[in-house]
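K.L.:
Pasting a predicted model and its sequence here:
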Amino acid sequence: MLHRGNSLDFKRISVENGEWNKLWTSWDEQCDSYGEKLDEYAVGSIAAIRPLANGGQTSSSGVYGLVDEQAVHSICQLNTALLPGYTGKVLRLRHLVLAPRFDYDDSVNLDEYVTVLSKMFAGAVEISGTEMLSDHIKLHLQSPADKEFFKLFQDKLRQFSVFNTVELRGAWLYISK
């Protein structure tokens, strides 16, 4: 549950800063409470993210997540690179994984889901202007629900003068600043 009164921070997740261990502990407890196993949860994405969290992060690639005092609510891989067809660097948000309770708990409400997606997006935009300077942002959407959310979101984003273009193509949201 997103805890009222606790601030949600978008920050780097690693073994060194203790956030990866916090994630693993809280997500393991969540899986256990639903009769599931963390080792079987989001296997592909966690397998891609774990080596980075264990010390493979660089100035152009890392694991980031939405964290409060009690738990890690979501994680993703961010990386920036020069890609064909772009002028300047592109920040890519990939392997977005929400805490197990978002998958298993029927009481999770839409507002919590929207809060997490919105704050993950805002965190990526912030990182693109600070730690991983990038002129473009690509977010890989994980589900049809994400696509529906960002379809509505793109209309709002187009109203901000900070973005030159905002468009959905397939399972990606493309943004140019």
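P.N.:
Received, thanks. Residues are numbered from 1 along each chain as shown.
K.L.:
Please, where are all the helices along this protein?
P.N.:
Counting by DSSP state H, the chain has these helices, from start to end: 19-33, 43-51, 100-104, 110-128, 144-157.
K.L.:
quick one: buried residues of the third one?
P.N.:
By 16 or more other C-beta atoms under 10 Å, the buried positions in helix 100-104 come out as 100-101. Heads up, the C-betas are built off the backbone N, CA and C, glycines and all.
K.L.:
Residues in contact with it: which ones?
P.N.:
1, 27, 30-31, 34, 36, 38, 41, 108, 112-113, 116 (C-beta atoms under 8 Å, 6 or more residues apart in numbering).
K.L.:
Which one of the helices of the chain lies nearest to I137?
P.N.:
Closest to I137 of the helices of the chain is helix 110-128 (C-beta to C-beta; 5.4 Å).
K.L.:
Mind giving me the packing neighbours of that closest one?
P.N.:
Helix 110-128 sits against strand 9-12, strand 61-67, strand 72-82, strand 89-98, helix 100-104, strand 136-140, helix 144-157, with contacts defined as 3 or more C-beta pairs under 8 Å, 6 or more residues apart in numbering; DSSP states H and E.
K.L.:
what is the mean pLDDT for the fourth one?
P.N.:
Put plainly, it is strand 89-98. Per-residue pLDDT over strand 89-98 has a mean of 96.
K.L.:
Paired strands for that strand, with orientation please.
P.N.:
Taking DSSP bridges as the criterion, strand 89-98 forms sheet pairs with strand 72-82 (antiparallel), strand 136-140 (parallel).
K.L.:
for the first one, the distance to its chain's centre please.
P.N.:
It stands for strand 72-82. Put simply, strand 72-82 sits 6 Å off its chain's centre (C-alpha atoms, centre = their mean, to the nearest Å).
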